[in-house]
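Enquirer: here is the input, now give the coordinates:
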Amino acid sequence: MKHILFLLLAACCFCWEPSVYAKGLDTTYSSHDTSFCSTVHGIILTAPAGYTSYFWNTDSKAFSLPVNDSGVFWVYATDSGKTLIDTFIVHMLTWGSKSHKSYNIKGCAMSGSFILKPAAGYLSYLWNTGSSADTLFVNSNGKFTVYADSGCNVLYDTFIVNITLPDSIHRVGYDTTVCYLKDSLSLNAPLGFNSYFWNTGITTDTMSVTAAGTYWVYNTSNANCTVLVDTIKVKDLNINLSFSLGNDTMLCTPTTLQVPINGGSYIWQDGTTGNTYNVTQAGIYYATASENGCIWSDTIAISYTDLKQNLRDTTLCIELSVHILLQANVPIGASAAWSTGIASSAILATDTGTYWVMVTDSVCLIRDTVSVHGEICNCWCRVPDAFSPNNDGKNDIYHPVFEPQCSIKEYLFCVYDRWGKRIFSTADPTEGWDGKYLGVPQDVGVYMYYLEYVAGPKDTRHFLKGNITLIK
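Expert: Model (predicted):
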């Protein structure tokens, strides 16, 4: 059978401690054990419903019985032949603990709502805001109190909340000028803030941009209760100085490094200027291009093996035997192979002809060709002493006659009249005098000639002069 106990609360709370006792009676019997706090103005014991008459051991015939002290109370209930005896054992408890604490809560408005949280373990809570939750969320200044109880134990806490509005600082600076915004530029917000918000929607402390423009970032610091707004202007000069000298490499012959851009100025590692640089030896080479404050540099390491050959064609006197040393440039670690089948740095040529050599070193290979040929060293020259320019097809042209296969260079042949006037000259060995001056046939008589030429492989210079008789 269920029984309802009503407690009248004053300044305290109440506690229940039920226990059940049974007695051997002829009628139905039940027992209830209950307690209440001494500060409460008693409790009301309620008999079971469903009966027509009630009689308490205090002589009360009411359905319920108010009690204000400890003791044993019973009720005798009857109805149409059925009876019930209920016994109530009541304990009045003394006052427990009463706690009161005060808290000062300080913070920044940017932190959001503050959580006010009293001690846990109480049965009920009541805030001065009307809330009955065990915690209270606040976002404004004020005094907040909470009343909590757990039977005869009472908690009464006070929270003084002081929320500070943030200081706002706006800075214009950190402008950035880039020479050539090809890919992206990283903009960095100041460190030490709790949150970041860029005008592009990014919420990290860094942001990448790909175009010129004005950007700002909103930085908040809960610790310092500060809002910092930075504005950054990005300017693109659109000056592209990027270039590459190439990968590190090995060269076999001299080469030219080039900075493949237009405009700007250039300087190399040794201070020389210009957009090209001749490389003839191993080393570290770098170039720097600059324009309007924009700078770009690149470096290349070159391992150099000089395989350049300097075999020169050789002309010998055919009157003499061929005996000439052909020497190739073969650095240490390189190898040479000649057209004669000999694998050495030099060979002895004993005949005229064309020779070639191939020199290799690691990845480098170079080939050079040399010609050895013979010429007449002491070729003869005959100068006729007369001619007849009469258009009969015989001796109509006057010129010196050289030995066949004779090499002639720096040729000069002149004819003078009897008064020393030059009436003919030529630098072509195949051209002769036709007996005319300015298209006018000259008179029969004696004329003078002067001949100068260089002949043979030894470049021997010759001088001849004499008389010419013009006859008809």
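
Enquirer: residue ranges in this structure under the pLDDT threshold?
Expert: 1-29, 35-41, 93-97, 110-111, 151, 167-174, 222-224 (pLDDT under 70).

Enquirer: list phi and psi for the residue lying farthest from the centre of it.
Expert: Distance from the C-alpha centroid of the chain peaks at Gly81, with 100.4 Å (Cα atoms, centre = their mean). With angles defined as degrees, to the nearest 10, Gly81 shows backbone torsions of phi 90, psi -10.

Enquirer: now do the same contact list for it.
Expert: With contacts defined as Cβ atoms under 8 Å, 6 or more residues apart in numbering, Gly81 has no neighbours. Bear in mind the C-beta positions are built from the backbone N, C-alpha and C, glycine included.

Enquirer: how about Gly246?
Expert: Going by Cβ under 8 Å, 6+ apart, Gly246 touches 257, 300.

Enquirer: one more pass at 6 Å, please.
Expert: Ile300 (Cβ atoms under 6 Å, 6 or more residues apart in numbering).

Enquirer: and the one 4 residues further on, by the same measure?
Expert: Each residue near Met250 by Cβ under 6 Å, 6+ apart is listed here: Ser303.

Enquirer: mind checking the SS state of it?
Expert: strand (DSSP: H, G, I helix; E, B strand; the rest coil).

Enquirer: ok, now the one 10 residues further on?
Expert: Of the three states, Pro260 takes coil according to three-state DSSP.

Enquirer: so His373 sits against Thr352, correct?
Expert: Yes: applying Cβ atoms under 6 Å, one finds His373 in contact with Thr352, separated by 5.0 Å.

Enquirer: neighbours around the nearest residue to Ser265 once chain neighbours are set aside, how many?
Expert: Excluding the flanking residues, the one nearest Ser265 by Cβ to Cβ, 6 or more residues apart in numbering is Ser290, at 5.6 Å. The local packing of Ser290 (other Cβ atoms under 10 Å) involves 16 other residues.

Enquirer: Ser290 should be in a strand, yeah?
Expert: Yes: going by three-state DSSP, the assignment for Ser290 places it inside a strand.

Enquirer: any idea how far Leu365 is from it?
Expert: Look at Ser290 and Leu365: by Cβ to Cβ, to the nearest Å, they are 39 Å apart.

Enquirer: how about Asn188?
Expert: Taking Cβ to Cβ, one finds Asn188 at 53 Å from Leu365.

Enquirer: what's the answer for Thr305, then?
Expert: From Thr305 to Leu365 the distance is 11 Å (Cβ to Cβ).

Enquirer: and the two? Which one has more around it.
Expert: For Thr305 versus Leu365, the count of surrounding residues by other Cβ under 10 Å is larger for Thr305: 20 against 12.

Enquirer: not counting sequence-adjacent ones, nearest residue to Cys252?
Expert: Closest to Cys252 by Cβ to Cβ, 6+ apart is Cys364, at 3.2 Å.

Enquirer: nope, Asn128 is what I was after
Expert: Thr145 (4.6 Å).

Enquirer: element containing the one you found, please.
Expert: Applying DSSP states H and E as the criterion places Thr145 in strand 142-150.

Enquirer: next secondary structure after that strand?
Expert: strand 153-164.

Enquirer: for Leu136, which residues are in contact?
Expert: By Cβ under 6 Å, 6+ apart, the contact set of Leu136 is 116, 127.

Enquirer: ok, and the closest non-adjacent residue to Asp459?
Expert: Lys409 (7.1 Å).

Enquirer: what's the distance between that neighbour and Glu452?
Expert: Lys409 is 11 Å from Glu452, by Cβ to Cβ.

Enquirer: looking at these two, which is more packed in?
Expert: Glu452 (14 against 11).

Enquirer: roughly how far out does the helix or strand containing that one sit from the chain middle?
Expert: Element membership for Glu452, per DSSP H and E: strand 445-455. Chain-centre distance of strand 445-455: 81 Å, with Cα atoms, centre = their mean, to the nearest Å.

Enquirer: could I get that strand in PDB with only the CA atoms?
Expert: Extracted in PDB, the C-alpha atoms of strand 445-455 (Å, rounded to 0.1, in the frame of the first residue of the first chain):
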ATOM      1  CA  GLY A 445     108.700  49.800-128.500                       C
ATOM      2  CA  VAL A 446     110.300  48.800-125.300                       C
ATOM      3  CA  TYR A 447     108.400  48.900-122.000                       C
ATOM      4  CA  MET A 448     109.400  48.000-118.400                       C
ATOM      5  CA  TYR A 449     107.600  45.500-116.000                       C
ATOM      6  CA  TYR A 450     107.700  44.900-112.300                       C
ATOM      7  CA  LEU A 451     106.600  41.600-110.700                       C
ATOM      8  CA  GLU A 452     106.200  40.800-107.000                       C
ATOM      9  CA  TYR A 453     104.700  37.600-105.500                       C
ATOM     10  CA  VAL A 454     104.800  35.100-102.600                       C
ATOM     11  CA  ALA A 455     105.100  31.400-103.600                       C
END
